[in-house]
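*Asks:* what's the 3D shape of this:
(one chain, ligands or ions: 2)
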Amino acid sequence: MYIKDLRLHEGKSVTLKGWAANKRESKGLVFVILRDGTGLCQCVVDASKVSEDTFTSAQQISLETSVSITGMVVKDDRQVGGYELQAEAVSIIGQSVDYPIAKKEHGVEFLMDHRHLWLRSQRQWAIMKIRNRIIYAIHQFFQEQGYVQMDAPLFTANAVEGTSTLFETDFYGDPAYLSQSGQLYGEAMAMAMGKIYTFGPTFRAEKSKTRRHLSEFWMIEPEMAFHDIFQNMNVIEAFLRHVVLAVIADCKSELESIGRDVSKLEHVTKPFPRLTYDEAVRIIKGEQDVNGQNAITSLEQELEQVIARTKEVEAEIAEREEKMKVPGMKKGEIGFNQAKIDKLKQELGDLEEAQRNIPNWLNSARNFEYGNDFGGSDETVITRLFDLPIMVYNWPHEVKAFYLKRDPGQSQFARGVDVLAPEGYGEIVGGGERETDLTLLIAKINEHQLPMDAFEWYLDLRRFGSVPHAGFGLGLERLVTWICKLPHVRESIPFPRMYGRLKP
Ligand code: 4AD
Ligand code: MG
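*Replies:* Numbering: from 1, shown residues only. Ligands and ions are numbered 1, 2, ... in the order given. Predicted coordinates:
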């Protein structure tokens, strides 16, 4: 019996098993909010209606005590989940003394240290439910389109995405690297199956603390024979649209509980803008507007607004704090004022962060050098101008991976495509059309100073029945982070692994 199914049992007696997410007592009554992983339900224990033992048990419940509660299901729209359980019997399964995560605000490092318990909290629960729906939608999309899921090895002999982020391990006395991407194997498997996708963990030694980088993350990598970069972009667009719409359709309450503005996600029904690298650079540098908006001047204006608002907020906090110093203020009024002040202080924190960030973004946009890869700031600057994901393609070949095909018409460009999520999120997908010219590929491997012998098998794919092909990699956690509008990628995965965090 699960809380999500209570509506099927209205007026009947059922037994729920779960954990106490909250408990309060008033004269002769104990109210327990029970959590069972499928939902929340208020259980009311009335001393006048239950045995003394049951009432004593109910009184002993503390935060996160596991319990079994039997009672009558009553519809009550005012309650969380719309139903209430009028308890008949309560028995404690496991005590929980001094649960470390109290209701008061904790710092994020404290919560990360208690990730094994933090996962039980409502917000984290909702994020994980959305992550689960995303994973399911990914499989649905590819399976329904006739892709075969195949798995790439995780121990590898070669780098795929540059040698600087490799994790080295000992493979029976020989060095081996944890996979940075399954792509090269994906290409081999696509030559066997036509269309495949891999879905597995990926490892990158990213020795810096950013809000976008994990050391271990999950990547979905489709690879399609007989696809060029434009067909690849069509697949990416249909795929992302499918996933986002599935989440909107099936995770309404989860999105609402984490405060996600769903209307922002609904823009994915529109065609995704496709920009060349050249256009994207002009936009970042403020040389080209987007829908009448200029990247540079809009940031300058925003900075002015942020500064003005900061002054207002500071003044209001000071004013309210003065008011509270005057003796004789009623208790209710004190509470009201304090709540306002807390809220204003939170806003002030955000404003101060914006005052630090915006000048950095402006700086990097103004000084962007044509030919460079985009950094996090550049991605933020351009994606703030769009309300749906954008695809940037045709990158200078020097800044992209060795395996990308040169554009036949303009050989300074590689046929890579990055998808940048809106609202300042930035890259969620990297992909492109693959080089099929054996000579060019060998030259690239040499240019990147990669060990040729580790790539001989890969070169065979060009020697034996080579075909045009393309694919991409989606970072699952980056997608979850954007869809849930999280401030940091660390909340998008059950147990994040990143620079400075290996436990719990
Ligand atoms: O752009 P990347 O490096 O592309 C590849 O690995 C290609 N081999 C994929 C392919 O064409 N089959 O990585 C792909 C995506 C990025 O767009 C990003 O979403 C995610 O993987 N990603 C990370 N996510 C979290 N933490 C990191 N350190 C990440 N590095 C990449
Ligand atoms: Mg990339």
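
*Asks:* burial of Phe95, as a residue count?
*Replies:* Quick fix: residue 95 is Gln, not Phe. Per other C-beta atoms under 10 Å, the neighbour tally for Gln95 reads 12. Yep, even glycine has a C-beta here, placed from its N, CA and C like the rest.

*Asks:* contacting residues around it?
*Replies:* Residues near Gln95 by C-beta atoms under 8 Å, 6 or more residues apart in numbering: 60, 62, 65.

*Asks:* what does the stretch 201-350 of the chain have sitting close to ligand 1?
*Replies:* 204, 206, 213-214, 217, 219, 221 (C-beta under 6 Å from any ligand atom).

*Asks:* what about 5 Å?
*Replies:* Selection of the stretch 201-350 of the chain residues close to ligand 1 by C-beta under 5 Å from any ligand atom yields 204, 206, 213-214, 217, 221.

*Asks:* lowest-confidence entry in those residues?
*Replies:* Ranked by pLDDT, those bottom out at Glu206, which has 90.

*Asks:* check the burial of that residue by counting its neighbours.
*Replies:* 16.

*Asks:* so it is in contact with Thr165, correct?
*Replies:* Yes. Between Glu206 and Thr165 a contact is recorded at 6.1 Å, counting by C-beta atoms under 8 Å.

*Asks:* picking up where we left off before, which of the residues of the stretch 201-350 of the chain next to ligand 1 lies closest to Arg120?
*Replies:* Set against Arg120, the nearest of these by C-beta to C-beta is Leu214 (21.9 Å).

*Asks:* find the nearest non-adjacent residue to the closest one, please.
*Replies:* Spatial nearest neighbour of Leu214, excluding adjacent residues (C-beta to C-beta, 6 or more residues apart in numbering): Met498 at 5.0 Å.

*Asks:* same thing with Leu275?
*Replies:* Closest to Leu275 by C-beta to C-beta, 6+ apart is Val392, at 5.3 Å.

*Asks:* so what sits opposite that neighbour in the bridge?
*Replies:* Val392 forms beta bridges with Leu275, Asp418, as assigned by DSSP bridges.

*Asks:* repeat that for Gln42.
*Replies:* Ile33, Glu84.

*Asks:* wait, it sits on Phe31?
*Replies:* Yes. Shown here, Gln42 and Phe31 form a contact pair, counting by C-beta under 8 Å, at 6.1 Å.

*Asks:* biggest strand in the chain by residues?
*Replies:* Looking across the chain with DSSP state E, the single longest strand is strand 13-26.

*Asks:* pairing partners for that one, with directions?
*Replies:* Using DSSP bridges, strand 13-26 pairs in its sheet with strand 29-35 (antiparallel), strand 66-75 (antiparallel).

*Asks:* in it, which residues are buried?
*Replies:* Buried residues in strand 13-26, counting neighbours by 16 or more other C-beta atoms under 10 Å, are found at 14, 16-21, 23.

*Asks:* that strand: how far from the chain's middle?
*Replies:* With C-alpha atoms, centre = their mean, to the nearest Å as the basis, strand 13-26 stands 31 Å off its chain's centre.

*Asks:* for stretch 341-360, same thing?
*Replies:* Offset of stretch 341-360 from its chain centre (C-alpha atoms, centre = their mean): 22 Å.

*Asks:* please work out the average pLDDT along that stretch.
*Replies:* For stretch 341-360, mean pLDDT is 94.

*Asks:* residues contacting it, please?
*Replies:* By C-beta under 8 Å, 6+ apart, the surrounding residues in contact with stretch 341-360 are 299, 302-303, 306-307, 309-310, 313-314, 316-317, 320-321, 377.

*Asks:* relative to ligand 1, which of these is nearest.
*Replies:* Nearest to ligand 1 among those: Ser377, at 16.6 Å, using C-beta to the nearest ligand atom.

*Asks:* name the SS class of the closest one, please.
*Replies:* Recorded secondary structure, Ser377: helix (DSSP: H, G, I helix; E, B strand; the rest coil).

*Asks:* surely it touches Phe368?
*Replies:* No. Here Ser377 does not reach Phe368: they are 9.0 Å apart, not a contact under C-beta under 8 Å.

*Asks:* what residues of stretch 382-397 count as buried?
*Replies:* Result for stretch 382-397 [16+ other C-beta under 10 Å]: buried residues 382-397.

*Asks:* and that stretch, anywhere near ligand 1?
*Replies:* No. Using C-beta under 5 Å from any ligand atom, stretch 382-397 never reaches ligand 1; the gap is at least 11.0 Å.

*Asks:* now that stretch: average pLDDT?
*Replies:* In this model, stretch 382-397 has a mean pLDDT of 96.

*Asks:* please save the CA atoms from that stretch in CSV.
*Replies:* What follows is stretch 382-397 as a C-alpha-only set of coordinates in CSV (Å, rounded to 0.1, in the frame of the first residue of the first chain):
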residue,chain,number,x,y,z
ILE,A,382,24.5,34.2,-25.3
THR,A,383,21.9,31.9,-23.8
ARG,A,384,20.4,34.6,-21.6
LEU,A,385,19.1,36.1,-24.9
PHE,A,386,17.2,33.0,-25.8
ASP,A,387,14.2,31.3,-24.3
LEU,A,388,14.9,27.8,-25.7
PRO,A,389,18.0,25.7,-26.5
ILE,A,390,20.2,27.0,-29.3
MET,A,391,22.5,25.0,-31.5
VAL,A,392,25.9,26.4,-32.5
TYR,A,393,27.7,24.7,-35.3
ASN,A,394,30.7,25.0,-37.6
TRP,A,395,33.5,25.6,-35.0
PRO,A,396,37.1,26.5,-35.7
HIS,A,397,38.6,23.1,-36.1
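
*Asks:* i'd like the first residue to be 22 from this point on
*Replies:* OK, 22 is where the count begins now, so the last one is stretch 403-418.

*Asks:* and Pro222, what are its phi and psi?
*Replies:* Per-residue torsions, Pro222: phi -70, psi 150 (degrees, to the nearest 10).

*Asks:* and it, what does it touch?
*Replies:* So Pro222 contacts 175, 200, 237-240 (C-beta under 8 Å, 6+ apart).

*Asks:* dump those to CSV, plus neighbour count, secondary structure and distance to Ile159.
*Replies:* What follows is those, written out as CSV (neighbours: other C-beta atoms under 10 Å; DSSP: H, G, I helix; E, B strand; the rest coil; distance: C-beta to C-beta, whole Å):
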residue, neighbour count, secondary structure, distance to Ile159
Leu175, 15, coil, 19
Ser200, 27, coil, 19
Glu237, 17, strand, 18
Phe238, 21, strand, 14
Trp239, 20, strand, 10
Met240, 24, strand, 11
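
*Asks:* now stretch 389-407: buried residues?
*Replies:* Buried residues in stretch 389-407, defined by neighbour count with 16+ other C-beta under 10 Å: 389, 395, 397-407.

*Asks:* swap that for stretch 51-65, sorry
*Replies:* 51-57, 59-65.

*Asks:* what about that stretch, how long is it end to end?
*Replies:* With C-alpha to C-alpha, to the nearest Å as the measure, the ends of stretch 51-65 fall 6 Å from one another.

*Asks:* likewise for stretch 107-122?
*Replies:* So stretch 107-122: terminal residues 28 Å apart, C-alpha to C-alpha.

*Asks:* so for it, mean pLDDT?
*Replies:* So the average pLDDT for stretch 107-122 ends up being 96.

*Asks:* now it: how far from the chain's centre is it?
*Replies:* Taking mean C-alpha positions (C-alpha atoms, centre = their mean), stretch 107-122 and its chain are 33 Å apart.

*Asks:* ok, now stretch 509-525?
*Replies:* 12 Å.

*Asks:* got any ranges where the protein has weak pLDDT?
*Replies:* Counting by pLDDT under 70, the chain shows low-confidence ranges at 124.

*Asks:* check which helices and strands the host helix or strand of Met149 sits against.
*Replies:* Element membership for Met149 (DSSP states H and E) is helix 143-165. Where contact means 3 or more C-beta pairs under 8 Å, 6 or more residues apart in numbering; DSSP states H and E, helix 143-165 is packed against strand 169-170, strand 216-224, helix 250-271, helix 273-278, helix 497-505.
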